[in-house]
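> need a 3D model of the following:
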Amino acid sequence: MGMDDEMTDAEFRKLYEAVFPILFRVAFRIAVNEEAAEDLCQEAFFKLHEKKMAFPSLDDAKYWLIRVVKNASLNYAKRKDRERHVYQKAFREERRSDDSGEDILIKKETRTEVKQALLSLPENLRSVLILKEYAELNYKEIGNMLGISEGNVKVRVFRARERLSAMLVKGDG
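Numbers count the residues shown, from 1 in each chain. All right, here's what the predicted structure looks like:
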């Protein structure tokens, strides 16, 4: 394998050990979720490794990684925020006990809407979302259960959430 300027495994390991804690702090501060922060950091290193990137110095590599993780974390947070609004709307349990008949009807309808949206997802997307959201399994466990890679699980969960959000938002108009 031609190693023209590309990082050696030792350099990669050194960079990983030096920078991972910093990246994790950045990701966690923005994403406010430990598992997500870890995933976002791993993905940044994966990207760096996959693209066989070369940097003039370890510092340059560090700043590149921080930028990638920061952007990925901001995107994650934005997406989560949008989803949370959709989910809150969908599963809103009013604190008031004096719900009017109309309120109760709307809540039932919304829950039915979510169920219907979930059922209209293709099986491969529906199953990962149910395992993630309702069974609260992590990506690795879901991958093992379904016999697919962890990366594939993440992609499917992401797509499923996007479709579900789109359906619920559309049904909103």
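
> thought residue 159 was touching residue 125?
Yes. The criterion here is C-beta atoms under 8 Å, and residue 159 meets it with residue 125 at 5.7 Å. Any C-beta I mention is one placed from the backbone N, CA and C, and that applies to glycine too.

> who has more neighbours out of those two?
residue 125 (20 against 16; other C-beta atoms under 10 Å).

> confidence score at that one?
Residue 125 carries a pLDDT value of 90.

> does it fall in a helix, a strand, or a coil region?
helix (DSSP: H, G, I helix; E, B strand; the rest coil).

> check contacts around it.
Residue 125 makes contact with 156, 159, 160, 163 under the criterion C-beta atoms under 8 Å, 6 or more residues apart in numbering.

> which of those sits closest to residue 42?
residue 156 (17.7 Å; C-beta to C-beta).

> chain neighbours aside, what residue packs nearest to that closest one?
residue 128 (4.4 Å; C-beta to C-beta, 6 or more residues apart in numbering).

> quick one: low-confidence parts of the protein?
Residue ranges of the chain with pLDDT under 70: 1-5, 89-109, 134-135, 171-173.

> can you give me the domain boundaries for it?
When the chain is parsed with automatic domain parsing, its domains come out as 9-78, 99-170.

> now the ones you listed in CSV, with distance to residue 84?
Below are the domains of the chain laid out as CSV (distance: least, C-beta to C-beta, whole Å):
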stretch, distance to residue 84
domain 9-78, 10
domain 99-170, 10
